[in-house]
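In: Build me a model:
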Amino acid sequence: MGEDVRRGARIARALFLLAAVAATSAVAVPTALAEDDTSEGDQDDGPSDDQDAQKKPKQKPMPAMIDICMTSAVIAPTKADGSPWDPGPPKATEDQRAKSNEAFRMLAALARKHPAMVAAELTTVLSGSLFRAFGKPDVFGTLEVAPTGSYDGKLSRKMDLASKKRPVREFHPNFGTSTCFKAVPWHKELRLRVDLTDQDVAFDDKIATVVVPASDVAAAFEFGKVFHVYVGDQDTTQLKFVALEVTRTADE
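Out: Numbering: from 1, shown residues only. The predicted structure follows:
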């Protein structure tokens, strides 16, 4: 793994810690993150990104039928304007929001080449000070699949990821292993649409409605494990990642 990859992940995590300083009065930056680029942990012990790309095998072809599961999502620590999802914590500052958004974008840049690293970094970030400082959203919503690109088509399907009566209270809502579309015909125009909402006592707050294109579905199939797709540049920008697992339909 190239040095620039490790540096990018470290900087992204550091940005999250810097953003957390405004939300908590006592945030200690780990020594490893405070060290410069000459630290032992940054020394290159593997091939560069260019070398990795040269060695990468040709992408395997998509099967005719696939199973698509959306296992979880990653939601921003606050609403786009800095307001907390639940009353109580102070509104995030503009600088805090900017650092958080930049960190997510840096992780997104790594997602395609190094999806396993992004999954590990997200786990670290989501347990950090910034997310602990704000109230969690109560998430419910739906997932739709349009094999030919039309959500009104005969092959399109829709399911609940979590119901309004039983929302998932988390920045990283886990929807389990049953939120799957089985035997979906593969097509280059295939699309997924994710619609998530934060349940509130008075008025529900829209989190985001985002679309996952066929190229990201194919990338998830290629990875062969849970794959995080960056969607933080869509709609409200409040939904940052959706996690997909795409496999060949059994007996296909």
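In: so where does the residue nearest to Ala116 when sequence neighbours are not counted fall, helix or strand?
Out: Using CB to CB, 6 or more residues apart in numbering and skipping residues adjacent in sequence, the residue nearest Ala116 is Lys225, 7.6 Å away. (Glycine included, C-beta is placed from N, CA and C.) Assigned by DSSP states H and E, Lys225 belongs to no helix or strand.
In: With Pro90 instead?
Out: Under DSSP H and E, no helix or strand contains Pro90.
In: Same question for Ala109.
Out: If you go by DSSP H and E, Ala109 is part of helix 94-111.
In: Can you show me the CA trace of that helix as CSV?
Out: Extracted in CSV, the C-alpha atoms of helix 94-111 (Å, rounded to 0.1, in the frame of the first residue of the first chain):
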residue,chain,number,x,y,z
GLU,A,94,-18.9,26.5,10.0
ASP,A,95,-15.2,25.5,10.4
GLN,A,96,-16.2,22.3,12.2
ARG,A,97,-18.6,21.3,9.4
ALA,A,98,-16.0,22.2,6.8
LYS,A,99,-13.4,19.9,8.4
SER,A,100,-15.8,17.1,8.8
ASN,A,101,-17.0,17.3,5.2
GLU,A,102,-13.4,17.5,3.9
ALA,A,103,-12.5,14.4,5.9
PHE,A,104,-15.4,12.5,4.4
ARG,A,105,-14.3,13.5,0.9
MET,A,106,-10.8,12.3,1.6
LEU,A,107,-12.1,8.9,2.7
ALA,A,108,-14.3,8.8,-0.4
ALA,A,109,-11.1,9.3,-2.6
LEU,A,110,-9.7,6.2,-1.0
ALA,A,111,-12.9,4.1,-1.3
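In: residues near Ala218, how many?
Out: When neighbours are defined as other CB atoms under 10 Å, Ala218 has 19 of them.
In: least trustworthy helix or strand in the chain by mean pLDDT?
Out: Lowest by mean pLDDT, DSSP states H and E among the helices and strands of the chain is helix 31-34, with a mean of 33.
In: quick revisit: do you know how far the residue nearest to Ala116 is from Ala219?
Out: 12 Å (CB to CB, to the nearest Å).
In: more neighbours, those two?
Out: For the pair Lys225 and Ala219, the greater number of neighbours falls to Ala219 (18 against 12), based on other CB under 10 Å.
In: Let me see the contact set for that one.
Out: For Ala219, the contacting residues are Arg112, Phe227, Val229, by CB atoms under 8 Å, 6 or more residues apart in numbering.
In: can I get those in a markdown table with neighbour count?
Out: Shown next, in a markdown table, are those (neighbours: other CB atoms under 10 Å):
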| residue | neighbour count |
| --- | --- |
| Arg112 | 15 |
| Phe227 | 25 |
| Val229 | 25 |
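In: can you list the weak-confidence ranges in this structure?
Out: 1-58, 252 (pLDDT under 70).
In: hang on, the earlier thing: these two touch, right, the residue nearest to Ala116 and Thr247?
Out: No - counting by CB atoms under 8 Å, Lys225 stays clear of Thr247, with 9.8 Å between them.
In: now the helices: where do they sit in the chain?
Out: 3-21, 31-34, 49-55, 94-111, 115-126, 129-132, 214-223 (DSSP state H).
In: Return the distance of Ser83 relative to Pro77.
Out: Relative to Pro77, Ser83 is positioned 11 Å away (CB to CB).
In: go on, Met65?
Out: Distance from Met65 to Pro77, by CB to CB: 38 Å.
In: Quick check on those two: which one has the bigger neighbour count.
Out: The residue with more neighbours, out of Met65 and Pro77, is Pro77; 30 against 16, by other CB under 10 Å.
In: Backbone dihedrals for the more buried one, both of them.
Out: Main-chain dihedrals, Pro77, degrees, to the nearest 10: phi -70, psi -20.
In: so which of the contacts of Ala219 comes closest to Asp195?
Out: Of all these, Asp195 sits closest to Val229, with 15.2 Å by CB to CB.
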